[in-house]
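**Student:** Dropping a prediction and its sequence here:
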Amino acid sequence: MSAKTLFFVAAAAVGVAVVNAQAAPNWQYIPTACQDSCSSTIESAYLCQTTYSTSTEVYGCFCNNYPTDVDGCASCLNSNDASALGALLTSTQTACPEAEKQCFFECSFDTCASSDIACQCDSTYLSNIYNCASCNTANGNTGATQVTDFQALQESCKNQNYTGADQEFTTKGLPTVATAGYAAPTLTATGGGAAATGEASDLAGGDATVASDAAGTTAAASAAATSASKASSAASKAATAAASGSASKASSTASRTSASASAASASSSGASSGALNVAAPAFGGLVGLVGAVVALF
């Protein structure tokens with residue numbers, strides 16, 4: 001297994017861990033007794049939840065508009081029978097910077113099937129790949145999808161006359177909110193229940209069912225990454241054979257490569273059916289090269 005494949009597996013494990021154990025706290029669970037102690041947390045959570053819909057978007061927004069009273073708010077939550085919510089809030093102090101560094105938010109989007117070249121060469125998909133790749137490159141996330149990977153995919157799409165690739169792509173920042181005119185919501189919670197003992201998925205702001213799971217389980221990510229690695233190797237062999245004049249050999253190798261890439265896609269899709277229903281494409285490591293391997297012929 002190559003070094004890049006090992007990174008794919010590790011990144012998938014981290015991505016799923018972030019999604020399963022981390023989220024922006026839902027302001028509606030904050031007890032009324034903590035209205036003052038949690039004023040900044042309430043503002044960030046409320047504005048993010050009312051501006052965005054999915055849990056990934058809300059989480060990215062919360063991290064990007066991080067409150068200033070986390071310690072005091074968590075202390076109040078712990079004192080008012082909302083310790084689970086307090087623990088979730090406290091954990092964001094380290095989880096948010098790590099998610100940003102690993103490009104979790106930029107690389108959380110639905111992936112195309114490995115055999116669907118039209119999808120891979122769509123301008124929206126290419127824009128997502130570029131945003132993810134740019135973040136990885138800027139943060140030194142070696143082994144994950146890089147700008148050079150995007151450039152290879154874009155060039156391949158252009159060569160196949162997909163007009164979606166004929167444009168300049170720019171990066172997109174994390175979700176923001178408008179604070180002008182903000183009025184604090186009225187709290188009604190009193191603690192207990194999910195706020196006291198719930199999991200992150202119970203306490204998260206946003207709808208976790210809107211996005212799809214692109215990473216699946218760690219085992220599936222390993223299988224998909226391994227298949228993608230084999231597919232890239234076979235593609236290289238196909239190109240070499242074609243250059244030497246062996247068109248038949250190149251065609252045969254490319255055929256095997258396509259099958260390998262399809263197996264990678266099937267492996268990833270199979271795992272996602274039973275996993276948490278949120279996007280977590282291995283911080284971009286899996287999303288770019290498993291999805292792009294067929295289009296790169």
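**Tutor:** Cool, the structure landed.

**Student:** Please make it C-alpha for all contacts and neighbour counts, starting now.
**Tutor:** Noted.

**Student:** Low-confidence stretches in the stretch 1-150 of the chain?
**Tutor:** Residue ranges of the stretch 1-150 of the chain with pLDDT under 70: 1-21.

**Student:** which residues in it form helices?
**Tutor:** Listed in chain order, the helices found in the stretch 1-150 of the chain under DSSP state H, counting those that start in this stretch are 3-21, 39-51, 55-64, 70-79, 83-101, 117-120, 123-138, 147-159.

**Student:** For the last one, buried residues please.
**Tutor:** Within helix 147-159, the residues that qualify as buried are 147, 149-151, 153-158, counting by 16 or more other CA atoms under 10 Å.

**Student:** Of the helices of the stretch 1-150 of the chain, flag the one that's most buried.
**Tutor:** Mean neighbours per residue, mean count of other CA atoms under 10 Å, is largest over the helices of the stretch 1-150 of the chain for helix 55-64, with a mean of 26.

**Student:** So what angle separates the directions of it and helix 83-101?
**Tutor:** Counting by axes from the mean of the first three to the mean of the last three CA atoms, to 10 degrees, helix 55-64 points 80 degrees away from the direction of helix 83-101.

**Student:** Mind giving me the packing neighbours of helix 55-64?
**Tutor:** For helix 55-64, the packing partners by 3 or more CA pairs under 8 Å, 6 or more residues apart in numbering; DSSP states H and E come out as helix 39-51, helix 83-101.

**Student:** Which of those sits closest to Y29?
**Tutor:** With CA to CA as the measure, helix 83-101 is the member of those nearest Y29 (7.6 Å).

**Student:** Could you export that closest one as CSV, CA atoms only?
**Tutor:** C-alpha atoms of helix 83-101 as CSV (Å, rounded to 0.1, in the frame of the first residue of the first chain):
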residue,chain,number,x,y,z
SER,A,83,-23.1,18.8,30.8
ALA,A,84,-23.3,17.0,27.5
LEU,A,85,-23.9,20.3,25.7
GLY,A,86,-21.1,21.8,27.7
ALA,A,87,-18.7,19.1,26.8
LEU,A,88,-19.6,19.5,23.1
LEU,A,89,-19.0,23.2,23.3
THR,A,90,-15.7,22.8,25.1
SER,A,91,-14.5,20.3,22.5
THR,A,92,-14.9,22.8,19.7
GLN,A,93,-12.0,24.7,21.0
THR,A,94,-9.6,22.1,19.6
ALA,A,95,-11.9,20.5,17.0
CYS,A,96,-12.6,23.6,15.1
PRO,A,97,-8.9,24.5,14.4
GLU,A,98,-8.2,20.9,13.5
ALA,A,99,-11.1,20.7,11.1
GLU,A,100,-10.1,23.9,9.4
LYS,A,101,-6.4,22.8,9.2
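
**Student:** Output the contacting helices and strands for it.
**Tutor:** Helices and strands touching helix 83-101, by 3+ CA pairs under 8 Å, 6+ apart, are helix 55-64, helix 70-79, helix 194-197.

**Student:** For Y182, find the nearest of the ones you listed.
**Tutor:** Judging the helices and strands packed on helix 83-101 by CA to CA, what sits closest to Y182 is helix 55-64, at 15.6 Å.

**Student:** if we can go back for a sec, could the helices and strands packed on helix 55-64 go into CSV alongside distance to D71?
**Tutor:** Below are those laid out as CSV (distance: least, CA to CA, whole Å):
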stretch, distance to D71
helix 39-51, 10
helix 83-101, 7
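
**Student:** Which one, of the ones you listed, ends up nearest to N136?
**Tutor:** Closest of the helices and strands packed on helix 55-64 to N136 is helix 83-101, at 8.3 Å (criterion: CA to CA).

**Student:** picking up where we left off before, out of the helices and strands packed on helix 83-101, the one nearest A99 is which?
**Tutor:** Closest of the helices and strands packed on helix 83-101 to A99 is helix 55-64, at 8.7 Å (criterion: CA to CA).

**Student:** could you dump stretch 195-202 to CSV, C-alpha only?
**Tutor:** The C-alpha coordinates for stretch 195-202 follow below in CSV (Å, rounded to 0.1, in the frame of the first residue of the first chain):
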residue,chain,number,x,y,z
ALA,A,195,-28.5,18.5,27.0
ALA,A,196,-27.4,16.4,30.0
THR,A,197,-26.6,13.0,28.4
GLY,A,198,-27.1,13.3,24.6
GLU,A,199,-24.6,12.6,21.9
ALA,A,200,-23.2,15.2,19.6
SER,A,201,-25.6,14.1,16.9
ASP,A,202,-28.5,14.8,19.2
